[in-house]
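**Q** Need a 3D model of the sequence below.
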Amino acid sequence: MLEKLVGSLETPHVLITEFSGRTNELEDNLYKFRIDLERDKVFIPIHMYKNVAKSFKRLLEDRDHYSNLGKTTEAENISKDLLDLYNEIEREHKTIIDNLSRIVPTDDRSNT
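**A** Numbers count the residues shown, from 1 in each chain. As a prediction, this is how the structure comes out:
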């Protein structure tokens, strides 16, 4: 989804809404499962990832605003910042997925 969002000044509003919803869902789940994530020592990297995603969302909304006003130079400048954040998200995504995949669920019922 991010590739579609970062690549063009003309961003379909439905994609912005979808990305915003997913970012909010990530934030909600991050805090909902904070204790478990901290126990597994993965809270901080995911929290940092979430912050970058939220920054991306805000910049995306700013770019959309400038594009709608016909302020192409401002929108293009924001696109450069979006590309930097996109690259950061891409770098961190694999690391976070690898860290999460190493977590082995425990089943307390197995001791009964």
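**Q** Please enumerate the helices of the protein.
**A** Applying DSSP state H to the chain gives helices spanning 2-7, 13-32, 34-39, 43-69, 72-101.
**Q** Just say which of those helices is most tucked in.
**A** By mean neighbour count, with neighbours taken as mean count of other CB atoms under 10 Å, helix 43-69 ranks first of the helices of the chain at a mean of 17. (Glycine included, C-beta is placed from N, CA and C.)
**Q** Quick check: mean pLDDT of it?
**A** For helix 43-69, mean pLDDT rounds to 93.
**Q** now it against helix 72-101, angle please.
**A** 160 degrees (axes from the mean of the first three to the mean of the last three CA atoms, to 10 degrees).
**Q** What is helix 43-69 packed up against?
**A** Contacting helix 43-69 under the criterion 3 or more CB pairs under 8 Å, 6 or more residues apart in numbering; DSSP states H and E are the following elements: helix 2-7, helix 13-32, helix 34-39, helix 72-101.
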